[in-house]
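S.K.: I'll drop the sequence and a predicted model, then ask my questions.
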Number of protein chains: 2
Amino acid sequence: MAQPFRIVFILYPRLTQLDFTGPYEVLARVPGVETVIASKDGGALKTEMGLTFADLIKLADVDRADMIMIPGGPGQTDAMLDPDFMAEVKRLGESAKYLTSVCTGSLILAAAGLLAGKRAGSHWAYRELLSNFGAVPDDARVVRDGNVITGGGVTAGIDIALTIAAELAGDDVAKMIQLAIEYAPAPPFNSGRPEIAEEKTVAAVKQLFSGFAQQRREAIERMVGGA
Amino acid sequence: MAQPFRIVFILYPRLTQLDFTGPYEVLARVPGVETVIASKDGGALKTEMGLTFADLIKLADVDRADMIMIPGGPGQTDAMLDPDFMAEVKRLGESAKYLTSVCTGSLILAAAGLLAGKRAGSHWAYRELLSNFGAVPDDARVVRDGNVITGGGVTAGIDIALTIAAELAGDDVAKMIQLAIEYAPAPPFNSGRPEIAEEKTVAAVKQLFSGFAQQRREAIERMVGGA
């Protein structure tokens, strides 16, 4: 490609860092891709577990994106409620060729009005909330609907990104990246989705997430209130 | 646990960020674990593809570790050649209960003299180099030999970390973490190991890595020279 294909990762405080770092590792390896890592304020931000990212670009300083990618995480609720942040998501999203997200990042795309009538994925524990914004929840790990590529929670970002790599640069390039990052996963347990995990595991994780779930529901009710 | 179990992630410039961020996402979720993210100089460092981590602790300021975990990446060669960095790895490693790594991080453990006679994994493209330091290369995705837990390249870190989570907190906790991060991988291609990838893919990635491979070989020859 003559001009690089610009992927803008849109970050915010208290995101789940692997939602971003998984796809970033894959997409930064695609020839012809320029990655821009941006947040509302630029500079540094702390992720959910404490790791700090720095040298972020200010969203307002990003003139355009060929693709936006939005990760999820506990901070997603506050981000979605921040009109300045959402205005930047909308601005970059409306002119981007592709809209992509990982995990609850899809709720930000949806809240920005970018997923109306579109099938989209999200983290299994929050997926149904998409329908509040007129999107159609889909339980696939990678969900494609036209120019919208979303998917499941956290680690799904790697599969989403390999799908995007194939779309942008062809299957052979995606296969090379998969081999370079030795992506032949071998989970020691069979517990990665609620449909296959033990009942007690599902109950324990739902309990762990109950505070976040309530926050998200309440925030969305306020946003679409009266609907 | 009364006192937290301290996992020290030992970082260095130009590491492959997913080697660290994959396991960090898992291990930071283990109850009773304290994560410390450290580098020789502390502060900020740039990873292989440009992402910056900040707020790092200075290795000299870390008094002890229950576990050290070392990621791999192109910067591994320079790190291994830095006597001040290696002195810190040795100091923390010698008193740690567990020595762990992802990808070419095992070459740092090995170069520090911590893997003599131990089976260890590494990225498939560099695994054989372990034998220069008296370690025994093992091609498993997760390799355990006593208190040493290592494994394959980049994404293997997630499987390594779930194995460690189970060791530290039991299978039920590891399964909860797997479900929380929706780790039910579904790679779009079957190209994650040289044994299963297409021949042309293997050749292309080997070509891509040839510079790094030569640097590593030459550096190791200088280190063990005369042997």
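M.R.: Nice, I can see it.

S.K.: From now on I want contacts and neighbour counts done on CA atoms only, so please keep to that.
M.R.: Will do.

S.K.: What's the separation between residue A:64 and residue A:71?
M.R.: 19 Å (CA to CA, to the nearest Å).

S.K.: whoops, I mixed them up, residue A:51
M.R.: 15 Å.

S.K.: more neighbours, the two?
M.R.: residue A:71 (31 against 21; other CA atoms under 10 Å in any protein chain shown).

S.K.: can you give me the helices in chain A?
M.R.: Listed in chain order, the helices of chain A (DSSP state H) span A:17-27, A:76-80, A:83-95, A:105-111, A:156-169, A:171-180, A:199-224.

S.K.: which helices and strands does the third one pack with?
M.R.: For helix A:83-95, the packing partners by 3 or more CA pairs under 8 Å, 6 or more residues apart in numbering or on different chains; DSSP states H and E come out as strand A:67-70, helix A:76-80.

S.K.: Check the second one too.
M.R.: For helix A:76-80, the packing partners by 3+ CA pairs under 8 Å, 6+ apart come out as helix A:83-95, helix A:105-111, helix A:199-224.

S.K.: just the ones you listed: most buried one?
M.R.: Among the helices and strands packed on helix A:76-80, helix A:105-111 has the highest mean neighbour count (mean count of other CA atoms under 10 Å in any protein chain shown), at a mean of 29.

S.K.: ok, and what's touching it?
M.R.: With CA atoms under 8 Å, 6 or more residues apart in numbering or on different chains as the test, helix A:105-111 has contacts from A:70-73, A:76, A:79-80, A:86, A:89, A:99-101, A:115-116, A:120-122, A:129-130, A:133-135, A:150.

S.K.: Name only those of those residues that count as buried.
M.R.: Among the contacts of helix A:105-111, the ones that count as buried by 16 or more other CA atoms under 10 Å in any protein chain shown are A:70-73, A:76, A:79-80, A:86, A:89, A:99-101, A:115-116, A:120-122, A:129-130, A:133-135, A:150.

S.K.: so what's residue A:12 closest to, chain neighbours aside?
M.R.: The shortest distance from residue A:12 to any non-neighbouring residue, by CA to CA, 6 or more residues apart in numbering or on different chains, is to residue A:39 (5.7 Å).

S.K.: beta partners for that neighbour?
M.R.: residue A:11, residue A:58 (DSSP bridges).

S.K.: Okay, now the unreliable bits of chain A?
M.R.: A:1-2, A:226-227 (pLDDT under 70).

S.K.: Please work out how many residues are found near the nearest residue to residue A:44 once chain neighbours are set aside.
M.R.: Nearest residue to residue A:44, sequence neighbours excluded (CA to CA, 6+ apart): residue A:54, at 4.0 Å. By the criterion of other CA under 10 Å, residue A:54 has 20 neighbours.

S.K.: and residue A:54, what does it touch?
M.R.: Contacts of residue A:54 (CA under 8 Å, 6+ apart): A:43-45, B:44, B:51-54.
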